[in-house]
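what would the 3D arrangement of this be:
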Amino acid sequence: MSSLTIQFLQRALTDVNLFAPGLLKRVNDDVDIIHNHISKYRLDLPRSYDVVLDLTYSDSGRDEKDIVTRYYCADHDTGVIFYLHDFNASKLDVWNEIAGIYSVQHIGKSYHSSTPTLW
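Numbering: from 1, shown residues only. A predicted model of the protein is given here:
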C-alpha cells in the first residue's frame, strides 16, 4: 500500500453574506462535510488548492432549508478546476462562456489563459 499525503482543506472561499442568519453555520457545515469526505476517502490532493462554495436558494423557497450548496476546487499550481466526486460536466453550461472550451473534454485544461466566470 502506498502512503498518501493527505492535504486537508486549506481555504474555502465564498461570496455569501456570512452575517446573514444561519449562513455562517451552513458554510461551516459544508466545509466540515468536504473535510470529512477528503479524510474518509484519503484523497491525495494538490499542494495548493482552494474550494469555492456557491450557496443559492432552491426554486422552492427562500428559507435556510432551501439553500443548495455547489462547489468546485481550483489547483493553483496547474490551473485546473476539479471536483472531489464524480461530476457530470455536461451540466455546467457556463463552460461554454469560457474562451477555449468547446467540449466536455476540454475541462481540466488550464484556466490561467482565461479567467472563468462561474456565476
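
average model confidence for the helix or strand encompassing residue 73?
Residue 73 is part of strand 67-75 when elements are defined by DSSP states H and E. What strand 67-75 shows for mean pLDDT is 89.

and it, what's buried?
Neighbour-count burial for strand 67-75, counted by 16 or more other C-beta atoms under 10 Å, picks out 67, 69, 71, 72, 73, 74, 75. C-betas here are computed from N, CA, C, even on glycine.

and of those residues, the nearest to residue 32?
residue 69 (11.9 Å; C-beta to C-beta).

contacting residues around the closest one?
With contact set as C-beta atoms under 8 Å, 6 or more residues apart in numbering, residue 69 has these partners: 26, 30, 53, 54, 55.

specify the beta-bridge partners of it.
Residue 69 has these beta-bridge partners by DSSP bridges: residue 55.

quick check: it vs residue 82, distance?
17 Å (C-beta to C-beta, to the nearest Å).

same deal with residue 21?
For residue 21, the distance to residue 82 (C-beta to C-beta) stands at 32 Å.

which of these two has more neighbours?
residue 82 (15 against 8; other C-beta atoms under 10 Å).

beta partners of that one?
Assessed by DSSP bridges, residue 82 has beta-bridge partners residue 73.

can I assume it is in contact with residue 72?
Yes - using C-beta atoms under 8 Å, residue 82 is in contact with residue 72, at 7.4 Å.

need the contacts of residue 69 in CSV (columns: pLDDT, neighbour count and distance to residue 42).
Listed next are those as CSV, based on pLDDT from 0 to 100; neighbours: other C-beta atoms under 10 Å; distance: C-beta to C-beta, whole Å:
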residue, pLDDT, neighbour count, distance to residue 42
26, 92, 18, 26
30, 93, 19, 20
53, 92, 18, 22
54, 91, 15, 26
55, 90, 18, 27
